[in-house]
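J.: Have a look at this prediction, sequence included:
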Amino acid sequence: MKKISSIISSLITHENSWHIQLIRDWSEIMGPLSSKVTLEKIDGSLLMLGVYNSSWMQELYLLTPLIIKTINAKLGDSCVSSVKLRLIARKNPNASKAAQAYPKISSVEPKTLSSQERDALSSIEDDELRQALKKFLDKCHHLRS
């Protein structure tokens, strides 16, 4: 009976052993940027990185030469020659800081509108727009209380 470690090591060739080191050390290699980008795919010497935010995508695009240099320095070889970035969604959208900072209001109890707000709403002819603005005002009142 063989040990799992010997089976795994027999499956991993010297040519792709850097893949495992890269996956294992990804957080350390990327440092604080590891929360902004994820390793999606390794295709030869090309890395596909997923980026959670379009602003960070631009920043990481500009940092691509440094990212390649840092990865190759950590791996001790010229394993990575190019990086492609693509915008991806977080796997758990509820974990985002924006979702935590602005919790969704499940049910908004209607508050009494001021006479000025009622007059402004009554002057709107489009019923759909009037209802949407009324809901918006109700949410604003709810957040203030």
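T.: Sure, I can see it.
J.: contacting residues for Leu47?
T.: Counting by C-beta atoms under 8 Å, 6 or more residues apart in numbering, Leu47 touches 39, 41, 71, 80, 82-84. (Each C-beta comes from the backbone N, C-alpha and C, glycine too.)
J.: So for the helix or strand hosting Trp18, what gets flagged as buried?
T.: Trp18 belongs to helix 17-24 when elements are defined using DSSP states H and E. Neighbour counts using 16 or more other C-beta atoms under 10 Å place 18, 22 of helix 17-24 among the buried residues.
J.: Now it: average pLDDT?
T.: The pLDDT scores in helix 17-24 average 85.
J.: which helices and strands does that helix pack with?
T.: Helices and strands touching helix 17-24, by 3 or more C-beta pairs under 8 Å, 6 or more residues apart in numbering; DSSP states H and E, are strand 37-43, helix 64-75.
J.: Identify all contacting residues around that helix.
T.: Taking C-beta under 8 Å, 6+ apart as the rule, helix 17-24 contacts 12, 29, 39, 42, 71, 74-75, 77, 79.
J.: Return the closest of the residues you listed with respect to Arg118.
T.: Leu39 (55.8 Å; C-beta to C-beta).
J.: before we move on, the earlier item: generate a markdown table for the contacts of Leu47, with pLDDT and distance to Ser123 as supplementary columns.
T.: Shown next, in a markdown table, are the contacts of Leu47 (pLDDT from 0 to 100; distance: C-beta to C-beta, whole Å):
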| residue | pLDDT | distance to Ser123 |
| --- | --- | --- |
| Leu39 | 92 | 56 |
| Lys41 | 91 | 56 |
| Ile71 | 92 | 61 |
| Val80 | 92 | 62 |
| Ser82 | 94 | 59 |
| Val83 | 94 | 56 |
| Lys84 | 95 | 53 |
